[in-house]
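Chemist: From the sequence below, what's the structure:
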Amino acid sequence: MKEKKVAVIMSTYNGEKFIKEQLDSILNQTYKNVEIVVRDDGSKDKTVEIIKEYQKTNKNIILHEGENLGFIKSFFELLKLVEADYYSYADQDDIWIENKIELAVNSLNKLDNSKPNMAFGNSDYYNEDMKFIGHGEKNKKYSFLSALFSCVGQGMTMTVNKKTRDMIIEDTPKTCFFHDWWTYLLCIGLGNVAYDNVTTVKYRRRKENATSEGQGYFRLIMWRIKNLLFSNGMKDIKQQMINFKDYYYYELSEDKKEILDLFANKEYNFFNSIKKAFYPKRIRRSIIDDFMLRIIFLIGVL
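Modeler: Predicted coordinates:
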């Protein structure tokens, strides 16, 4: 049987310092039927020049140069640029463990690919110079309810099937918190999520990183306060839920419809906020995160 084709899609922006290590780690994967599709999001440094140099000896690297859209829109645009059986998100500055793609393909091959499916692993944290910082959370727990308010999977660990890609292209959200969060929500809502409790990525933490992953506890709290209360973070999460409800409500199971009816509402309602704040099931994994979320429900931010 012919190996299924995997498209590794990477959005780059001023990544000259680290992109060689990332490309090398993808090219050295144990799984070989891989095409690397890069969309450069308007880099001002030598990123494009480096990629073109790699293309001279690697015919399976495809480069698209575009205007600056921001990484979320850039990744969604990338999904339109290639046909494959499976798609793996890749950041420009990490290093992949050599069997990352193989593990994901093995997991996805066991699922019903008529549904949107996602396989993901874990990551370990490194600093800018690739000095080990610590292990990522291993025993990840997830549900449709928790997926509305947090994404347990990191984009660079995710691989999805063509059904997922096709659905994202058909209904690309105008607003979402992150591209990987939307992908995760789609798969856990309408398909399957397969988690492999192994490290598949060396995640390089830099000052420019957009997410909170791998930060110390105090910095994590500050990041959440800043991005969820004093920015458009909560607004984007709310709109993401509303978009998902608008697109897929009638395709969901009854229990998931009930969850969206409670939590994904455009207008503030005092009695509804009370119901959300005292919802009997744990929503976020940690007690402090769950408590903070319920306070946000009460004050009407979300």
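
Chemist: what kind of secondary structure is the closest residue to residue 278 other than its chain neighbours in?
Modeler: Distances taken as C-beta to C-beta, 6 or more residues apart in numbering put residue 294 closest to residue 278, at 7.6 Å, once the chain neighbours are dropped. For glycine as for every other residue, the C-beta is placed from the backbone atoms N, C-alpha and C. Classification of residue 294 using DSSP: H, G, I helix; E, B strand; the rest coil returns helix.

Chemist: Near residue 294, how many other residues are there?
Modeler: Residue 294: 17 surrounding residues under other C-beta atoms under 10 Å.

Chemist: Would you confirm that it contacts residue 275?
Modeler: No: Residue 294 is beyond contact range of residue 275, at 11.0 Å (criterion: C-beta atoms under 8 Å).

Chemist: ok, the nearest residue to residue 46 once chain neighbours are set aside - contacts?
Modeler: If the residues on either side of it in the chain are set aside, residue 46 comes closest to residue 16, at 4.4 Å by C-beta to C-beta, 6+ apart. By C-beta atoms under 8 Å, 6 or more residues apart in numbering, residue 16 lies in contact with 43, 45, 46, 47, 50.

Chemist: So which residues of the stretch 51-200 of the chain form strands?
Modeler: Counting by DSSP state E, counting those that start in this stretch, the segments of the stretch 51-200 of the chain that form strands are 61-65, 86-90, 95-96, 117-126, 132-135, 158-161, 192-204.

Chemist: In a markdown table: the ones you listed, plus mean neighbour count.
Modeler: Formatted as a markdown table, the strands of the stretch 51-200 of the chain follow (neighbours: other C-beta atoms under 10 Å):
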| stretch | mean neighbour count |
| --- | --- |
| strand 61-65 | 17 |
| strand 86-90 | 26 |
| strand 95-96 | 22 |
| strand 117-126 | 24 |
| strand 132-135 | 12 |
| strand 158-161 | 26 |
| strand 192-204 | 19 |
